[in-house]
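*Asks:* Pasting the sequence and the predicted coordinates here, then a few questions.
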Amino acid sequence: MPEAAKNGLELHDVRVRLDGRELVAVDLTIAPGEIVTLMGPSGSGKSSLLGHICGTLPDAFEVTGQVVLDGRVLDGLAPQDRHVGILFQDDLLFPHLSVGGNLAFAVPAHIKGRAARRARVEAALGSAEMDGFYDRDPATLSGGQRARVALMRVLLSEPCALLLDEPFSKLDSGLRSQIRSVVFDLCRKNSLPTLMVTHDPEDGAAAGGRVIELRG
Ligand SMILES: Nc1ncnc2c1ncn2[C@@H]1O[C@H](COP(=O)(O)OP(=O)(O)OP(=O)(O)O)[C@@H](O)[C@H]1O
């Protein structure tokens with residue numbers, strides 16, 4: 001089957017309303033490998049927009065417009081059929097599984113066989129500069145290592161677009177810029193259209209792309 005054309009993520013006049021009030025109205029195309037930053041006051045609907053794109057927005061919200069990813073209309077699809085990865089500030093790793101175990105269940109079903117699946121996880125650990133961490137207990141990881149495992153878990157699922165919901169806000173400033181560049185480099189390397197929600201203008205400056213301000 002030929003690969004879908006990489007057209008990026010298109011939000012066609014997407015409007016999110018709650019209790020009759022319009023929270024968000026965006027008309028935006030994010031090219032493959034482009035990182036667009038979304039800012040705005042608390043409650044302005046940033047996370048709700050991300051929830052709509054990945055298909056997890058509760059029914060209380062009313063949405064119009066169309067979301068298209070690499071030519072596929074996402075509206076109406078189940079979250080697992082959208083191929084949209086999302087990374088949160090509190091991405092929790094399962095404490096009863098090793099680092100490798102946490103990553104293993106993100107490997108898509110089309111990768112068959114134990115050895116091939118393990119190889120995917122080992123490669124992901126390698127690209128996060130975490131070779132040798134497969135059997136580690138997540139409780140023994142540093143904040144930066146945990147953040148990198150959470151990112152690898154999203155990327156292993158082979159998303160076609162990435163949403164970042166304040167993913168760096170819990171990291172201290174030194175670690176923050178380090179993890180930020182890991183995430184942004186991987187978005188570009190994987191040609192992922194990326195939409196990042198943040199309250200920190202430095203995140204937007206580091207991303208180097210367009211910054212969209214929602215009004216409150
Ligand atoms: N599950 C939900 N059910 C009903 N209302 C919700 C739900 N989640 C969020 N809201 C409401 O939707 C509005 C937008 O919330 P949202 O989390 O999208 O804003 P935000 O811009 O991401 O805010 P913040 O910067 O504080 O994270 C708020 O008024 C919030 O109270």
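*Replies:* In hand now; what should we look at? Residues are numbered from 1 along each chain as shown.

*Asks:* residues from the protein in reach of the ligand?
*Replies:* By the rule C-beta under 6 Å from any ligand atom, the part of the chain lying against the ligand is Leu18, Leu23, Gly40, Ser42, Gly43, Ser44, Gly45, Lys46, Ser47, Ser48, Pro58, Ala60. Heads up, the C-betas are built off the backbone N, CA and C, glycines and all.

*Asks:* Kindly recompute the last result at 5 Å.
*Replies:* Counting by C-beta under 5 Å from any ligand atom, the positions of the chain adjacent to the ligand are Ser42, Gly43, Ser44, Gly45, Lys46, Ser47, Ser48, Pro58, Ala60.

*Asks:* per-residue confidence at Met1?
*Replies:* Met1 carries a pLDDT value of 39.

*Asks:* Can you name the next helix or strand after the biggest helix by length in the chain?
*Replies:* Selection of the longest helix in the chain by residue count, based on DSSP state H, yields helix 173-189. With elements assigned by DSSP states H and E, the helix or strand that comes after helix 173-189 is strand 194-197.

*Asks:* Neighbouring strands - and their directions - for that following strand?
*Replies:* Sheet pairing for strand 194-197, assigned by DSSP bridges, gives strand 35-39 (parallel), strand 161-165 (parallel).

*Asks:* export those strands to CSV and tack on mean pLDDT and mean neighbour count?
*Replies:* Below are these laid out as CSV (pLDDT from 0 to 100; neighbours: other C-beta atoms under 10 Å):
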stretch, mean pLDDT, mean neighbour count
strand 35-39, 98, 22
strand 161-165, 96, 25
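
*Asks:* so which of those comes closest to Asp81?
*Replies:* Comparing the strands paired with strand 194-197 against Asp81 with C-beta to C-beta, the closest turns out to be strand 161-165 (13.3 Å).

*Asks:* can you list contacts of that closest one?
*Replies:* Here strand 161-165 makes contact (C-beta atoms under 8 Å, 6 or more residues apart in numbering) with 8-9, 30, 46-47, 50, 53-54, 69, 83-89, 154, 183, 187, 192-198.

*Asks:* if you set the cut-off to 6 Å instead, what comes out?
*Replies:* If you take C-beta atoms under 6 Å, 6 or more residues apart in numbering as the criterion, strand 161-165 is touched by 9, 47, 50, 69, 84-88, 187, 192-197.

*Asks:* Check stretch 142-153 too.
*Replies:* So stretch 142-153 is contacted by Asp91, Val99, Leu103, Ala106, Ala124, Ala128, Leu171, Leu175, Ile179, Val183 (C-beta under 6 Å, 6+ apart).
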